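Asker: build the 3D model from these lines:
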Amino acid sequence: MKGRKGFTLIEVMASIAIMGAALGVLLALVAGGLRLAKETNGRTGLVLAASERFGSMFDGLMEEGVSEGVTGAGFAWKMEAYPYDAAGEGAPRLLKVVVTTRDLASGAEFRLISLKGLPGG
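Answerer: Presented below is the predicted three-dimensional model:
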């Protein structure tokens, strides 16, 4: 058998097994990346929906109370505004504003909290 060129059956089988294992690892990495991309996209949507609602509080005068709704992208939102008691005399009148968004599909939530000064305070 000396002088024959080529690979033995065992060498071919070993190389196929190594390529199969490498392909399996590669597919697992791609699947994990796609899952993370989907999760990140959902969280980005939550943040954007909360930021949009949060920005609307600067459009005009803010009043105490609760308002809520659902965006076209499938996120429920809730904005709560109630008096915030600042310590000290002569402290400005403030509203504590809490904006919560929830992904209706996954149940994930995101919350923004801020204080807004009221006129005459």
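
Asker: burial count for residue 79?
Answerer: Residues within reach of residue 79, counting by other Cβ atoms under 10 Å, total 21. The C-beta positions use only the backbone N, C-alpha and C, and glycine is treated the same way.

Asker: so where do the helices sit in this structure?
Answerer: Assigned helices in the chain, in chain order: 9-56 (criterion: DSSP state H).

Asker: from residue 100, how far off is the residue most central in space within it?
Answerer: By Cα atoms, centre = their mean, the chain has its centre lying nearest to residue 43, at 1.2 Å. Between residue 43 and residue 100 the distance is 14 Å, computed by Cβ to Cβ, to the nearest Å.

Asker: same thing with residue 79?
Answerer: Between residue 79 and residue 100 the distance is 8 Å, computed by Cβ to Cβ.

Asker: my guess is the residue nearest to the centre of the chain contacts residue 108, does it?
Answerer: Yes: in this structure, residue 43 sits in contact with residue 108. The criterion is Cβ atoms under 8 Å, and the distance is 6.7 Å.

Asker: the residue nearest to residue 50 when sequence neighbours are not counted: neighbour count?
Answerer: Using Cβ to Cβ, 6 or more residues apart in numbering and skipping the chain neighbours, the partner closest in space to residue 50 is residue 101 (4.4 Å). Neighbouring residues of residue 101 were enumerated by other Cβ under 10 Å; the total is 25.

Asker: residue contacts, residue 101?
Answerer: Applying Cβ atoms under 8 Å, 6 or more residues apart in numbering, one finds that residue 101 lies in contact with 46, 47, 49, 50, 53, 75, 76, 77, 78, 109, 110, 111.

Asker: what's around residue 42, how many residues?
Answerer: Residues contacting residue 42 under the criterion other Cβ under 10 Å number 16.

Asker: how near is it to residue 96?
Answerer: For residue 42, the distance to residue 96 (Cβ to Cβ) stands at 27 Å.

Asker: kindly report the same for residue 9.
Answerer: Distance from residue 9 to residue 96, counting by Cβ to Cβ: 75 Å.
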